[in-house]
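Undergrad: got a structure for you, letters missing:
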């Protein structure tokens, strides 16, 4: 399928209610309002079509950018490609659920994520921490250095309460996912979560939220989720 055809298909799948939800979370025009599930049949027809993915991502249309992540071929994307994509990710649903997810299927995921975490830029940092969450939940434990992850947990403990809002959210997810899905640092992550306590996350034009990482960890431990790994990262 070519770019114009896919854009027509996406527009036809758009729903006003979904569009309003996306906009309330930070998306801006152009946006059609296509539910993720509604994109899946179209995605199967265009899987690993990097040329099309690049055209869609460059369009600036939120739904097209999200769909680009679904059909991209991460195995041929370079660090420069991901830098370009994160530059275009103007809010967290793109940085954390498109760019970070796609990056998590590459061999350069940790290298790029480490760079973004140290960037000092809110959405880059958010994407970096988020990518590790996707990695912990999918890759075998032996692919990670427990000492490095332990140091990252220490970094979060020291900086989370003074970090940008979206970065705070991804840091919370990192501690939670490390505790559940990366067993070698489980005990350390549980202790860090207790030390951090609750985290207040403010949102533009919306009511903020309070995240209790310890409670979230315990909830999943109670249902036997320790060591959880998902088969796939992307939809």
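TA: It's in. These numbers were taken from a predicted model, which means no experiment stands behind them.
Undergrad: what sits against residue 182?
TA: The neighbours of residue 182, taking C-beta atoms under 8 Å, 6 or more residues apart in numbering as the test, are 136, 141, 144, 146, 149, 189. No exception for glycine: its C-beta is placed from N, CA and C like everyone else's.
Undergrad: excluding sequence neighbours, find me the nearest residue to the fifth one.
TA: The shortest distance from residue 149 to any residue other than its chain neighbours is 5.1 Å, reached at residue 185 (C-beta to C-beta, 6 or more residues apart in numbering).
Undergrad: name the next helix or strand downstream of the strand or helix carrying residue 69, please.
TA: Residue 69 belongs to helix 62-71 when assigned by DSSP states H and E. As assigned by DSSP H and E, the chain's next helix or strand after helix 62-71 is helix 79-88.
Undergrad: between that following helix and helix 62-71, how big is the angle?
TA: Using axes from the mean of the first three to the mean of the last three C-alpha atoms, to 10 degrees, the inter-axis angle of helix 79-88 relative to helix 62-71 is 150 degrees.
Undergrad: can you list the buried residues in helix 79-88?
TA: 81-82, 85-86, 88 (16 or more other C-beta atoms under 10 Å).
Undergrad: export those residues as a markdown table, with columns for pLDDT and distance to residue 173.
TA: As requested, those are exported to a markdown table (pLDDT from 0 to 100; distance: C-beta to C-beta, whole Å):
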| residue | pLDDT | distance to residue 173 |
| --- | --- | --- |
| 81 | 98 | 24 |
| 82 | 98 | 20 |
| 85 | 98 | 20 |
| 86 | 98 | 18 |
| 88 | 98 | 22 |
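Undergrad: for the residues you listed, which one is nearest residue 227?
TA: residue 82 (28.9 Å; C-beta to C-beta).
Undergrad: excluding chain neighbours, what is closest to the residue nearest in space to the middle of the chain?
TA: A centroid search over the chain (C-alpha atoms, centre = their mean) returns residue 96, at 2.6 Å, as the residue closest to the centre. Closest residue in space to residue 96, ignoring its immediate chain neighbours: residue 130 at 4.1 Å, by C-beta to C-beta, 6+ apart.
Undergrad: how about residue 86, what does it touch?
TA: 95, 99, 116, 123-124, 127.
Undergrad: next step: the contacts of residue 182 restricted to helices.
TA: 136, 146, 149, 189 (DSSP state H).
Undergrad: buried ones among these?
TA: Neighbour-count burial (16+ other C-beta under 10 Å) is assigned, among the ones in helices among the contacts of residue 182, to 136, 149, 189.
Undergrad: turn those into CSV, including distance to residue 37.
TA: Below are those laid out as CSV (distance: C-beta to C-beta, whole Å):
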residue, distance to residue 37
136, 25
149, 33
189, 32
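Undergrad: rewinding a little: compile the contacts of residue 182 into JSON lines and extend it with columns for pLDDT and distance to residue 201.
TA: Output for those, formatted as JSON lines (pLDDT from 0 to 100; distance: C-beta to C-beta, whole Å):
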{"residue": "136", "pLDDT": "98", "distance to residue 201": "21"}
{"residue": "141", "pLDDT": "98", "distance to residue 201": "29"}
{"residue": "144", "pLDDT": "98", "distance to residue 201": "26"}
{"residue": "146", "pLDDT": "98", "distance to residue 201": "28"}
{"residue": "149", "pLDDT": "98", "distance to residue 201": "23"}
{"residue": "189", "pLDDT": "98", "distance to residue 201": "19"}
